[in-house]
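# Any chance you could fold what I've pasted below:
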Amino acid sequence: MPAEPPTAAARQGEATLQKPTKAARRKGMAVTLDEVAALAKVSPMTVSRVVNGHGKVRDTTRDRVMRAVRELGYTPNLAASALATAQDTRVALIYTNPSSAYLRELLVGALRGATRTAAQLVIDTWDTLGANAQRQAARTLAKRVAGVILPPPLCESKGVIAEFIDADVPVVAIASGRFNHDISCVRIDDFRASKEITTHLVAAGHQRIGYIKGHPNQTASVRRFEGFQAALAEAGLPLDETLVESGYFTYRSGLEAAEKLLAHPAPPTAIFASNDDMAAAVVSVAHRRHLEVPQDLSVVGFDDTSAATTVWPELTTIRQPIAAMADSAVDILLRSIRRKDRSTRMLVDHVIPHQLVKRDSVARPAR
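Prediction:
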C-alpha cells in the first residue's frame, strides 16, 4: 500500500527545521545554542528556557526546539551556565585575622560553600589598612560584589558594616560574640562554651586558674571572659585579677602572657587561653621552664584549629566549627541575595553548637 503524502503541517515543520549551512556550523567546533535557535526559528533565550526547564514555553515551541537539539546533537555547556550564575552572585570574604590556622578553616568552608552554590568567591585582605582606608575599601568593593562575609575582627567594625548597609549589600558576620541586629550572623555561644571548659578545669580539681584574654576589639573575647567568671562564681571560687593577662589572639601575645602568669609568686595550676594559638604558646613557655604539661600545669584553648593538635600534648579545647560556619554564611548570604522581595533586609542569627574536646593537656593539679 503506497505511503500517504505528508500533511501540510508536517511539510511546514520540515521546512522550518532546516540545518544551518557549513559556514554557520564551523567545522570541528561544538554546536552552539545560537545554532539550535536558528534551526528551530526561535530566540536563543527560548532555547535556554527549554533546555534548562525555566519559564513557560508553548508545547509546540518546546517540541520544535527539542527536535533541533536532537538533530544537531547539542549538549548544554554546564560550566558556562555555572559561571554565568556565579558572576551574578559574586561574594567577598574579607580577612584581617592574624591566625593562619583560623584562616585555613575559613577558606575551606567558604570555598566549599561557593563551589556547592555556584557562587564566585572573592578573597580580599585588609591587614595593612587603617579604619578610614577600610571604609574606603568597603565603598569600592560594594560596587562589584553582591554580598560580603566578615570574620573577626572586621565583623565588629561599625564603620565597615555601615558602608555595606548604605550600599544595600547584604553582610554575614562569622564568629561575632553577639547578634548585631544590623547584619546576619553565624556564631557559637561563646559565653556557654567558655563556662563549660572552665567548669571542666574546676571539676579536675583546679582552683587557681590563670586566664589569657583575647583581643579587646572583639565581642567574642568579652563573652569568653564573662563565661570564665561565671564558672568560677558558680564553683564558689574568687576571681584573682593577678592571674588574668591580656592577649591579642596571637602566638606572640600568648608567650608574653604565659611568662607573666608562670612568673607569679603563686602561679596557677591551670591556664585557660582564649584561643588555640595562645594556648600553644603557653605549652611552649611551660616546656622552656621545665614544667610538665599536664602534670605540673594544665592548659586549655579555644577554637580547635590545627594549632590544637600540632603541640605536645594535644590541647583540650572548645571546637568552634569555623569551616562549617563559613559554609553556612555563604548559604545565608545567597538566600538574601537571590530572594525576590528585596524591600526589607533578611537578618539571620544562626547559632551553631560547639563541642568540648578533651585531650591530654588537662590533669588533676599536683599536690
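# Near the spatially closest residue to Thr198 that is not a sequence neighbour, how many other residues are there?
Nearest residue to Thr198 in three dimensions, chain neighbours excluded: Ala231, at 3.6 Å (Cβ to Cβ, 6 or more residues apart in numbering). To be clear about C-beta, it is placed using only N, CA and C from the backbone, and glycine gets the same treatment. Using other Cβ atoms under 10 Å, Ala231 has 21 neighbouring residues.
# Pull the contacting residues for the residue positioned nearest the centre of the chain.
Centroid-nearest residue in the chain: Ala326, 1.4 Å away (criterion: Cα atoms, centre = their mean). Listed by Cβ atoms under 8 Å, 6 or more residues apart in numbering, the contact set of Ala326 reads 93, 105-110, 112-113, 149, 151, 174, 186.
# switch the cut-off to 10 Å
Listed by Cβ atoms under 10 Å, 6 or more residues apart in numbering, the contact partners of Ala326 are 93, 105-114, 149, 151, 172, 174-175, 186.
# That one - nearest residue in space that isn't next to it in sequence?
Gly109 (3.0 Å).
# mind checking the backbone torsions on Gln355?
phi -150, psi 130 (degrees, to the nearest 10).
# How about it, nearest residue that isn't a chain neighbour?
Arg319 (4.2 Å).
# how about the CA coordinates for stretch 208-223, as CSV?
What follows is stretch 208-223, C-alpha atoms only, in CSV (Å, rounded to 0.1, in the frame of the first residue of the first chain):
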residue,chain,number,x,y,z
ARG,A,208,44.0,28.7,90.8
ILE,A,209,43.2,29.1,87.1
GLY,A,210,45.1,31.7,85.0
TYR,A,211,43.2,33.3,82.1
ILE,A,212,44.6,34.9,78.9
LYS,A,213,42.0,37.3,77.3
GLY,A,214,41.5,37.6,73.6
HIS,A,215,41.7,40.8,71.5
PRO,A,216,39.7,43.6,73.3
ASN,A,217,38.2,44.8,70.0
GLN,A,218,36.1,41.6,69.6
THR,A,219,32.8,40.8,71.4
ALA,A,220,33.8,37.1,71.4
SER,A,221,36.7,38.0,73.8
VAL,A,222,34.3,39.7,76.2
ARG,A,223,31.8,36.8,76.2
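# Give the buried residues for it.
Residues of stretch 208-223 classed as buried: 209-215, 218-223 (neighbour count, 16 or more other Cβ atoms under 10 Å).
# Quick one: the helices in the stretch 101-250 of the chain, in order.
Using DSSP state H, counting those that start in this stretch, the helices of the stretch 101-250 of the chain run over 131-141, 158-166, 190-203, 219-234.
# wait, which of those is closest to Ala286?
In terms of Cβ to Cβ, the element of the helices of the stretch 101-250 of the chain nearest to Ala286 is helix 190-203, at 15.4 Å.
# Which parts of the closest one count as buried, going by neighbours?
Within helix 190-203, the residues scored as buried using 16+ other Cβ under 10 Å are 190-191, 193-202.
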